[in-house]
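In: just need the structure, nothing else, for what follows:
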Amino acid sequence: MELEEVNSIPKLAPRAQDGHKGRYGMVLVVAGGRGMAGAAALCGASALRSGAGLVRVATSAEAQPVVASFEPCYMTYPLPNTDEGLIAFPSCKAALAGLVEKADVVAVGPGLGQSDEIRALIRFLIEETPKPLVIDADGLNALAGDVRILAGRKDPTVLTPPPGEFARLTGTDVATVQADRARHAAELASTSEGLVVVLKGSGTVVTDGRRYSLNTTGNPGMATGGSGDVLTGVIAALIGQRMDPFDAARLGVFAHGLAGDIARDDHGEVGMIAGDIVDALPDAFAHLLPDPNLPH
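Out: You can find the predicted model right below:
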């Protein structure tokens, strides 16, 4: 397999003077369950901090009050839940379909938990959602051993696995994946048109099966719970702003890592948490945009 390496960083255009929130995308986050409300909150907050015009977070009814308490700038929607506090499917199907219809992009997976109903929910979104999807965490766990379902999708899909989740997805082991990260990621991406794979870790690989890039930002302090949930929100927000999914994934990974580097400088590698990365995203994007006060 011959792959073209892409080294340039995609550009996010400055905002128009007459811009409005509808111009910058509506992100739907489907995430969170009992004990995992923070994952949904981090994903939703990072989408806002990455320029999304509007963010809606759909979560289990039990988790919804907690998710809402984290951030007043996104909207939350309670979905029916099981006795275990996870989203119940197909009980939520009609409500979820209505939210999807209003969205420009759907981010799904953080903190959903694992159950037969969650697997059915993920399958529904893949098979019946005519919108770009960003799938992470428990969304990926629901696909373990069954990634062939993605081959039928006509709309863009971004998968964001770390090596362990990637190994479960592809039926291999972590050592094999790590031995040739770019090739394995590209092989998975090439199984479906419009599929982008973000293989996380030191030197994150982003590939669409034809091209790939290796990320140069980030640090070991980002190895903390919730960091991946933040990345999911960043990539979804950029797709919502009409970026090509491959470019959105590359820029999202770069900006996420840059925010992590800013957070490290403020808090150190040991003490930084995922919320620090969210808080540093505005500075990261400020570094990536041209200064409007300077002549072009």
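
In: rest of the way, CA atoms for contacts and neighbours
Out: Fine.

In: pretty sure Phe89 is touching Ala120, no?
Out: Yes. Counting by C-alpha atoms under 8 Å, Phe89 does reach Ala120; the two are 6.8 Å apart.

In: who's more crowded, these two?
Out: More crowded of Phe89 and Ala120, by other C-alpha atoms under 10 Å: Phe89, with 21 against 15.

In: any idea how far Arg119 is from that one?
Out: 9 Å (C-alpha to C-alpha, to the nearest Å).

In: so where do the helices sit in the stretch 1-150 of the chain?
Out: Using DSSP state H, counting those that start in this stretch, the helices of the stretch 1-150 of the chain run over 37-49, 64-70, 93-102, 116-128, 138-141.

In: now do the buried residues in the last one.
Out: Applying a neighbour-count criterion of 16 or more other C-alpha atoms under 10 Å, the buried positions in helix 138-141 are Asp138, Gly139, Leu140, Asn141.

In: including distance to Val105 and pLDDT, could these go into CSV?
Out: Rendered in CSV, the data for these read as follows (distance: C-alpha to C-alpha, whole Å; pLDDT from 0 to 100):
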residue, distance to Val105, pLDDT
Asp138, 18, 97
Gly139, 15, 97
Leu140, 17, 97
Asn141, 20, 95
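
In: returning to what we had before: quick one, which of the helices of the stretch 1-150 of the chain is nearest to Val206?
Out: Proximity to Val206, assessed across those by C-alpha to C-alpha, is greatest for helix 138-141 (16.4 Å).

In: just how off-centre is that closest one within its chain?
Out: 12 Å (C-alpha atoms, centre = their mean, to the nearest Å).

In: next secondary structure after it?
Out: strand 157-159 (DSSP states H and E).

In: tell me who's in contact with Lys131.
Out: Val100, Ala103, Asp104, Val105, Val106, Asp155, Pro156 (C-alpha atoms under 8 Å, 6 or more residues apart in numbering).

In: these two touch, right, Val230 and Val278?
Out: Yes. If you go by C-alpha under 8 Å, Val230 and Val278 touch, sitting 6.7 Å apart.

In: once you drop chain neighbours, what's closest to Gly164?
Out: In space, and not counting its chain neighbours, Gly164 is closest to Val174: 5.8 Å by C-alpha to C-alpha, 6 or more residues apart in numbering.

In: can you pull the contacts of Val67?
Out: Counting by C-alpha under 8 Å, 6+ apart, Val67 has contacts Ala37, Gly38, Ala40, Ala41, Thr76.

In: possible to save the residues you listed as TSV with pLDDT, distance to Ala47 and neighbour count?
Out: Putting the contacts of Val67 into TSV (pLDDT from 0 to 100; distance: C-alpha to C-alpha, whole Å; neighbours: other C-alpha atoms under 10 Å) gives the following:
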residue	pLDDT	distance to Ala47	neighbour count
Ala37	98	16	25
Gly38	98	14	22
Ala40	98	11	34
Ala41	98	10	32
Thr76	98	14	25
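
In: parallel or antiparallel, which strands does the lengthiest strand in the chain pair with?
Out: Using DSSP state E, we find that the single longest strand of the chain is strand 54-60. Paired strands of strand 54-60, with direction, are strand 26-30 (parallel), strand 75-79 (parallel) (DSSP bridges).

In: show me the shaky parts of this structure.
Out: 1, 290-296 (pLDDT under 70).

In: any idea which residue is closest to the centre of it?
Out: For the chain, the residue sitting closest to the mean C-alpha position, by C-alpha atoms, centre = their mean, is Thr232 at 1.7 Å.

In: hang on, it packs against Cys43?
Out: Yes. Here Thr232 reaches Cys43: they are 6.3 Å apart, a contact under C-alpha under 8 Å.

In: picking that back up, among the contacts of Val67, which one lies nearest to Arg183?
Out: Distances from Arg183 to the contacts of Val67, taken by C-alpha to C-alpha, are shortest for Ala40, at 31.4 Å.

In: helices of the stretch 151-296 of the chain, start to end?
Out: Remark: helices assigned in the stretch 151-296 of the chain by DSSP H, counting those that start in this stretch are 163-170, 174-179, 181-189, 227-240, 245-267, 274-288.

In: quick one: the first one to helix 181-189, angle?
Out: Computed by axes from the mean of the first three to the mean of the last three C-alpha atoms, to 10 degrees, the angle separating helix 163-170 from helix 181-189 equals 40 degrees.
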